[in-house]
Structures are given as structure tokens and as C-alpha cells.
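**Q** output the structure for:
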Amino acid sequence: MFKVCIITVSDKGSIGERIDKSGEVIRDLMEAANYQVLEKVILPDEVDLLKEQMIKWADNQTCDLILTTGGTGFSPRDFTPEATKAVIDREVPGIPEAMRAYSLSITKKAMLSRAAAGIRKSTLIINLPGSPKAVKETLEYILPPLEHGLEIMTGKTGECAR
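**A** Numbering: from 1, shown residues only. Below you'll find the predicted structure:
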């Protein structure tokens, strides 16, 4: 069973002015897919806080996978991809490319996503969209091959057969 940590990036959510629907969608989908959700936090759109949380979880080997939601658009405070790129050792461009390609079949607005993905030590970090609908669509799309990638990255090949 792979361990997952979730970061919801939202200024309003971090101070209790908005309900975290996207983070809950991630939790529900990951638990239904037999992943163990260890932690879920809501952070403001602050690059240093995002980097600090990702580094903490990755460097302490807390999570095999960190999923973020929010902060990937054009808003002046959307810096989730920049925080992700600052902490990863290796990029995994195929994941956000696949998410955008799939999402383009649903909405042309998908081309505006700046999501990133990469590996820090033995933790995969993936930026998901901010809306609950887009989170569900993209996460369901990437989940099947994601398990294989995590098995290879963590050396758990064959241990997580479902």
C-alpha cells in the first residue's frame, strides 16, 4: 500500500473561509484505490510554505506520493508549479502532459494549466488542478499507470498487487 500526503493550496481555505472540496476528492479517490492517506494540509499560496511541506514529507520518507491541488493557474498568487520545480530532483513531464491532453478533450481551458510533476528522493510530487471536478477527472485518468510508476520508483514491484 502506497502512502499519500495531500496539500490543498488555498489562501481562503487556509484561514477557514473556503471548504476544501478538492482535497477531499483526492482523499476519497486515493482511499478507494487502496492508497493510505497519511496527512492532508491546507496551505496558503506561499512558495516557501509549499516548498517546506514538500521537503519535509519527501526527505523524511513520510509519503511515496504527494498530491497538490490548486495554485496551477494564472492568478498572481498561483505558484504551486514553481514550488514543486524548486524541490524536485527529476522532472516527470509526462504526467502533467497526459493530464492536460486528457483534459483538453473536456475543456479548452485545460491548456491554461501550469501543473508540474517530479521526484524528490523517493517521493513523487504531482500538481493537480484546483476544482473538484477537474481533480476527479485527471486523478482517475492517471491512477492506473501511476501505481506502476510508484512501484518502480520505490522498488516495491509486485508487492502492491491489487
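
**Q** can you tell me what sits against the helix or strand of the chain with the lowest mean pLDDT?
**A** Every helix and strand of the chain was ranked by mean pLDDT, DSSP states H and E. The lowest is helix 11-14, at a mean of 95. For helix 11-14, the external contacting residues (CB atoms under 8 Å, 6 or more residues apart in numbering) are 18-20, 42-45, 70, 77. All C-beta spots, glycine's among them, are computed from the backbone N, C-alpha and C.

**Q** residue contacts, residue 74?
**A** By CB under 8 Å, 6+ apart, the contact list for residue 74 reads 112, 114.

**Q** with adjacent residues omitted, what lies nearest to residue 139?
**A** For residue 139, ignoring the flanking residues on the chain, the nearest one in space by CB to CB, 6 or more residues apart in numbering is residue 29 at 5.3 Å.

**Q** how many neighbours does the one you found have?
**A** Using other CB atoms under 10 Å, residue 29 has 18 other residues around it.

**Q** phi, psi of residue 58?
**A** Dihedral pair for residue 58: phi -70, psi -50, per degrees, to the nearest 10.

**Q** before we move on, the earlier item: give me the residues contacting the helix or strand following the least confident helix or strand of the chain.
**A** Moving toward the C-terminus from helix 11-14, the next helix or strand (DSSP states H and E) is helix 21-32. Residues outside helix 21-32 that contact it (CB under 8 Å, 6+ apart): 4, 6, 8, 37, 40, 42, 67, 69-70, 128-132, 135-136, 139-140, 143.

**Q** quick one, strands of the chain?
**A** 3-9, 36-43, 65-69, 90-91, 117-120, 123-128 (DSSP state E).

**Q** turn those strands into TSV, columns for mean neighbour count.
**A** Formatted as TSV, the strands of the chain follow (neighbours: other CB atoms under 10 Å):
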stretch	mean neighbour count
strand 3-9	25
strand 36-43	16
strand 65-69	27
strand 90-91	12
strand 117-120	20
strand 123-128	27
